[in-house]
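Enquirer: I'll drop the sequence and a predicted model, then ask my questions.
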Amino acid sequence: MARKNLIEVSVDNQATETSSPMTAARPIAGFVPPAVRNTPIGGITKTLGNITQKFERAQDIEKQLAEGQTIIEIDPALVDSSFVSDRIGIDAVKLAQLGEQIKDHGQQVPILVRPHPDARGRYQVAYGHRRLAAVKVLGIKVRAVVRELSDDQLVVSQGQENNARTNLSYIERALFAVRLEDRSFSRETIMAALGIDKAALSKMVSVVRQVPI
């Protein structure tokens, strides 16, 4: 009997708590219901918040670009060649083959560019001249990493990438060395760009200086 009374009391208490208007209206400590605003001030605050978010995203993108971690798409018409050529010319057949590969599979490897030092809003290639030429023919944007580079850094990147990816002839490499020397680059920079030692560089320069090309 006592057990039955306990159950009845428990049920009665639940019913009382559920139906009590005081309990339903009781505020939760520390909780402030959000106010619904349609005032001009509320709209301005929201707009300022969006602008701040966009600015922060832009800063983050610029930081990534400065570190060379982001690949972006650029109109190839805005990209200029390096200030020093490392090849005699681009083979038309190989260029067409490269264009077909990019057309079928996309540009898998981005080119490296820097903001043009003398033309605001333009870029200058460190490496990827053949890929740039191919996408120009295709009429599409070029995928590129944008990085701040000094002249020395640009020619070293240009030379090392070409050494790894293209079969430049001995004469082309020698001409590249002489062109860099004529622009007053140090022997250390030229050796780093070509991946050669002092003796090999001296021989290259001597060949070009002595033999008309």
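Expert: Sure thing, it's come through.
Enquirer: and stretch 127-142, which residues are buried?
Expert: Residues 127-135, 140, 142 are the ones in stretch 127-142 that count as buried (16 or more other Cβ atoms under 10 Å). Just so you know, the C-beta spots here come from the backbone N, C-alpha and C atoms, and that holds for glycine as well.
Enquirer: now, which of these lie within strands?
Expert: Among the buried residues of stretch 127-142, the members found in strands (DSSP state E) are 127, 142.
Enquirer: in helices only, show me the buried residues of stretch 127-142.
Expert: 129-135 (DSSP state H).
Enquirer: which one of these sits closest to K203?
Expert: Within those, the smallest distance to K203 is 26.0 Å, found for H129 (Cβ to Cβ).
Enquirer: confirm for me that that closest one is in contact with D80.
Expert: No - contact criterion Cβ atoms under 8 Å: H129 and D80 do not qualify, at 10.6 Å.
Enquirer: of the ones in helices among the buried residues of stretch 127-142, just say which sits nearest to K94.
Expert: R130 (7.7 Å).
Enquirer: so where's this protein uncertain?
Expert: For the chain, the stretches flagged by pLDDT under 70 are 1-69, 165-166, 212-213.
Enquirer: ok, A96 to R130 distance?
Expert: Between A96 and R130 the distance is 11 Å, computed by Cβ to Cβ, to the nearest Å.
Enquirer: ramachandran coordinates for G89?
Expert: phi -170, psi 170 (degrees, to the nearest 10).
Enquirer: next one: E73
Expert: phi -100, psi 130.
Enquirer: quick check: beta-bridge partners of it?
Expert: R143 (DSSP bridges).
Enquirer: spit out the contact partners of it.
Expert: For E73, the contacting residues are 141-144, by Cβ atoms under 8 Å, 6 or more residues apart in numbering.
Enquirer: what residues does the closest residue to V135 other than its chain neighbours make contact with?
Expert: Closest residue in space to V135, ignoring its immediate chain neighbours: V142 at 4.6 Å, by Cβ to Cβ, 6 or more residues apart in numbering. Residues near V142 by Cβ under 8 Å, 6+ apart: 73-76, 79, 107, 110-111, 128, 131-132, 135.
Enquirer: which strands and helices sit next to the helix or strand where Q124 lies?
Expert: Using DSSP states H and E, Q124 falls within strand 123-127. Contacts defined by 3 or more Cβ pairs under 8 Å, 6 or more residues apart in numbering; DSSP states H and E place strand 123-127 against strand 79-80, strand 111-115, helix 151-165.
Enquirer: just the helices in the protein please.
Expert: All helices of the chain, identified by DSSP H, fall at 2-19, 21-25, 40-66, 92-105, 129-138, 151-165, 170-182, 187-194, 198-210.
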